[in-house]
Structures are given as structure tokens and as C-alpha cells.
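Asks: Please work out how this folds:
(one chain, ligands or ions: 1)
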Amino acid sequence: MNFEFTDEQNLFAESVRKFARAHLEKDALGRAHDPRFPFDVAKLMSRQGLMGITIAEVDGGQGGSLTDAVIAIEQIAEVCPRSADVVQFGSFGPIRTFAEYGTPAQKKKWLPKLLAGEMVMSLGMTEPDAGSAATDLKTSAKPDGSHYVINGTKVFSTFSPDAAIFLIYVRFGPGVGGIGSVIVERGTPGFTIGQPSSFMSGEEWCELHFDNCRVPSENVLLGPGGFKKQMSGFNVERIGNASRALAFGRYAFNRAREHAQVREQFGRPLCEFQGLQWKFADMAIKLESAQLLLYRAAANADRGFPSAYETAVAKAACNQIGFEVAHESVQAMGATGYSRAALVEYCMRRCRGWMIAGGSVEILKNRIAEHVFDRRFDQRNRQADAAE
Ligand SMILES: Cc1cc2nc3c(=O)[nH]c(=O)nc-3n(C[C@H](O)[C@H](O)[C@H](O)COP(=O)(O)OP(=O)(O)OC[C@H]3O[C@@H](n4cnc5c(N)ncnc54)[C@H](O)[C@@H]3O)c2cc1C
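Replies: Okay, the predicted model is just below:
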């Protein structure tokens, strides 16, 4: 067992850090408060080889490992938290599932622009009546000649105001086995995108409506029976979510640590008060422990998909700890931390959302409990289902 980065990983981390300081530091505050996707950063990152880190070279990616992409998130977030979303998009998000399962024609059509930072993709899984119970989704895909006809509504999709293409989970038939996915382009007749709404984080999302929307059959990503594969790909997304939660918690911690060394009250720097020292010690313990869980899940996956259990443990830990640390950091910085002029409050708001997004902490704990007891706990109310 080795708890150190390799020389190659250290060099990579250093090069990303240098890039971030040179290009992203200056506008970090403005970017955090801008709800739109930072295409300028995506194009810069593409030129720097930071898009598609986890995507095979043959598909135009960097052919790196999941750990490389985690390192990139950590280094970028420490300088410009908002820009870490671009690493998420380019290496962890729906793009990763798309690159894994897309046909050569689909990849040829969309991957180059996605990896160049010219186009963004959004994932439509959640529906008004299917949140944690994702397999309750109703959006249907019915065959009609050389097309599928899509009907339904999706909510809360990240990047939806800016996305040019959407990876939509659909139902081809009944049950979990009937679930698959299609790619829908913005502007397809029958596909309307609602007005943007805001999350607490300031990010925007739009309702996606499909009303007899005809999508060519060649846009099917995964047909019936594809749900399991989609969830395996989604575990990569969860690692990106966990990485950002932890990196944002660490960003807040570092700013609070710096503040506590220079801010004086009662004639002494804050860091000389034991009440604050123990807060920082507790935060350090939490950050270090979540970091190990995150690295384990990423390193064991290498270039493949991470294990569902290790991902659940890492995401639950990083989500909770990222938020707790950011929250305590705001407290340790007083009104300065609570101010929008510092990015600490921003990190706290973003971390709060990740406890819900991409598999809430509770749903992950359900998964972990199944591992603990080595049995499945059905969350459904079978009596009510039978009575219907
Ligand atoms: C910042 C953010 C970004 C998002 N991005 C996307 C996206 O890009 N694409 C997309 O499709 N969706 C996205 N979502 C939606 C997200 O996937 C859902 O919010 C999530 O699945 C939870 O569903 P829900 O909000 O409907 O809550 P519900 O499922 O209604 O749950 C409400 C509460 O009950 C708890 N709960 C539910 N069932 C159980 C159970 N069996 N055991 C214990 N507790 C339970 C939940 O943990 C939660 O605390 C995003 C959400 C957020 C906050």
C-alpha cells in the first residue's frame, strides 16, 4: 500500500496548478456568481488537455485515469472553484457514459465539439414524480418507423440552459428492463426548454418537455436493458460530484485557516484560541478521512468504472464532510466568510446541493447498509403496489 502520488501524478498536479493560477485566478469570484456555463474556460482547458481526461485517446480524450481527473478537480478548485465544473463536465459527467456506449457515428458527430469546449451536454434523468426513485421514470420512447417518439418531462438538469445536446433517460417498455437512453438535440421539433430557474447555488436549470418529439433511431444510446450500464457510468459522475464537494470544503478550510492566522481579536490572532484550534483540527480529520475514501474509489477504478459500494461510501463521506467543513469555515471567518466577496459562502452553498444531487446521502446510505447486511432492502411499498 502506498499513500503517495506517483512522480507522474505530482507533475500533473503541478502543471494543472500552474495553469489554474495563470488563467483562472483573476476572475474566480465573477465566475462563481455567473450562472451560465463558462465556455471560455472549457476552450482553454481543452487546449491544455484537461477535457476528456478519462476518455480514451482513440475517442479524442486524454486516456488518463479517474485519479488523474480527481487531481485536476482538486487543483482547479483550489484556485477557481467554479471552473472545477468544467472538469466535471469534460471527464465525469454524461460525456463519460456517452463515450463508453456511443456508436462510432454518434461519437464522431458530437464528441469533438464537446471535448473542444464548444458544446455542453446535459443529463435528463429526474422527473417531477421520479427523483430518488429514478426507475419510476415515465418519459416514454415509442418506435415509429425509423424514429422514436418521446413524451414526458425532465427537471433539475444541470447545464440545461446552455446544453446543445441532452442525454435523456427514457422508458422503451415496462419495468427496470424497459429503461434506456436517447440523445436529443436542442431545437428538435416537439422538444421545448422552459425558462431557467435557480438553485440555492445560483446554478440554473430548465424544465425539459417532450411532446411527440421524434428522434431518429440512430440517437439511441442504450436500448431496453441499458439501465444497469447507465448507472455504472453514473458512478463516474458521482466520483466527480464527491471530488468537487471535498475540494470545495478544502478551499473553504484553506481560506479560513489563512484568515485565522491574520485576523486578530482580543489582541491575538484567532488561531491562538483553543475553541478555534479544535474546530480546525476536527475539520482536518474529516477532510483527510474523506480524501482517502475518494482516492480508494478512484484508484481502484483506474481507467474503468468505479465500484458502486466504494463510490457510495466516498460520495456520502465527501458530500457530508465537504458541507460541514465549508459551513464551519464560514463560522470561523465570521461576517467575512458569510460575505459574497469571499468564495467560502459559495462553496458552502454548492456543497449543500451535492448532498442531494447524483444520489442523495440517504440513498447512498441505503446502498451502504445493503453491503453491511449483505442483503437487499426493497424501498418500495409492495402492499400499495399490489393493491393498485
Ligand atoms: C444541484 C443539483 C443538480 C442536479 N442535477 C441533475 C441533473 O443534471 N440531471 C438530473 O436528471 N437530475 C439532477 N438533479 C436532481 C437530483 O438527481 C434529484 O434531486 C435527486 O435524485 C433527489 O430527488 P428529489 O429531489 O426528487 O428528492 P426526493 O426523491 O423526493 O427525496 C426527498 C428526500 O427524501 C429522501 N429519500 C427519498 N427516498 C428515500 C429512501 N428510500 N430512504 C431514505 N431517504 C429517502 C431523499 O434523500 C431526500 O432527502 C440535480 C439536483 C441538484 C440539487
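Asks: Helix or strand: which one has the residue most central in space within the chain?
Replies: For the chain, Asn241 is the residue whose C-alpha lies nearest the centre (CA atoms, centre = their mean; 3.6 Å). Taking DSSP states H and E as the definition, Asn241 sits inside helix 227-262.
Asks: Neighbouring strands - and their directions - for the following helix or strand past that helix?
Replies: Toward the C-terminal end, the helix or strand that comes next after helix 227-262 (DSSP H and E) is strand 264-265. According to DSSP bridges, strand 264-265 forms sheet pairs with strand 268-269 (antiparallel).
Asks: Tell me the buried residues in the helix holding Asn241?
Replies: For helix 227-262, burial by neighbour count (16 or more other CB atoms under 10 Å) applies to 227, 229-253, 255-257, 259-260. The way it works is simple: take the backbone N, C-alpha and C, and place the C-beta from them, glycine included.
Asks: Then stretch 294-312?
Replies: Residues of stretch 294-312 classed as buried by neighbour count (16+ other CB under 10 Å): 294-295, 297-298, 301, 305-312.
Asks: separation between Phe191 and Ile183?
Replies: In this view, Phe191 and Ile183 are 11 Å apart by CB to CB, to the nearest Å.
Asks: quick one: the strand or helix carrying Ala84 near the ligand?
Replies: Using DSSP H and E, the element containing Ala84 is helix 84-87. No: Helix 84-87 does not reach the ligand (CB under 6 Å from any ligand atom); its nearest approach is 10.8 Å.
Asks: Show me what the nearest residue to Leu137 once chain neighbours are set aside bridges to in the sheet.
Replies: Leaving aside its sequence neighbours, Leu137 sits nearest to Ala130 (CB to CB, 6 or more residues apart in numbering; 4.4 Å). Following DSSP bridges, Ala130 is listed with bridge partners Glu127.
Asks: got the contact list for Ala130?
Replies: Counting by CB atoms under 8 Å, 6 or more residues apart in numbering, Ala130 touches Asp136, Leu137, Lys138.
Asks: burial of the last one, as a residue count?
Replies: One way to gauge burial is a neighbour count; for Lys138, by other CB atoms under 10 Å, it gives 13.
Asks: Tell me the spacing between it and the ligand.
Replies: 14 Å (CB to the nearest ligand atom, to the nearest Å).
Asks: ok so, going back, apart from its chain neighbours, what residue comes closest to the residue nearest to the centre of the chain?
Replies: Nearest residue to Asn241 in three dimensions, chain neighbours excluded: Gly358, at 4.5 Å (CB to CB, 6+ apart).
Asks: Could you measure from the one you found over to Arg171?
Replies: 21 Å.
Asks: Likewise for Cys347?
Replies: Distance, Cys347 to Arg171, using CB to CB: 37 Å.
Asks: Please say which of the two ends up with more neighbours.
Replies: Cys347 (32 against 24).
Asks: and the residue nearest to Asn241, which of the three is it?
Replies: coil (DSSP: H, G, I helix; E, B strand; the rest coil).
Asks: Now the phi/psi pair for it, please.
Replies: With angles defined as degrees, to the nearest 10, Gly358 sits at phi 70, psi 30.
Asks: for it, what are its contacts?
Replies: Contacts of Gly358 by CB under 8 Å, 6+ apart are Phe234, Glu237, Arg238, Asn241, Lys315.
Asks: Against the ligand, how distant is it?
Replies: 6 Å.
Asks: Check that residue and give its pLDDT.
Replies: Gly358 carries a pLDDT value of 94.
Asks: thinking again about what came up before, Gly353: which of the contacts of Gly358 is nearest?
Replies: Ranked by distance to Gly353 (CB to CB), these are led by Asn241 at 9.4 Å.
Asks: Please look at that closest one and Asn319 and confirm they touch.
Replies: Yes: in terms of CB atoms under 8 Å, Asn241 counts as a neighbour of Asn319; the distance is 7.5 Å.
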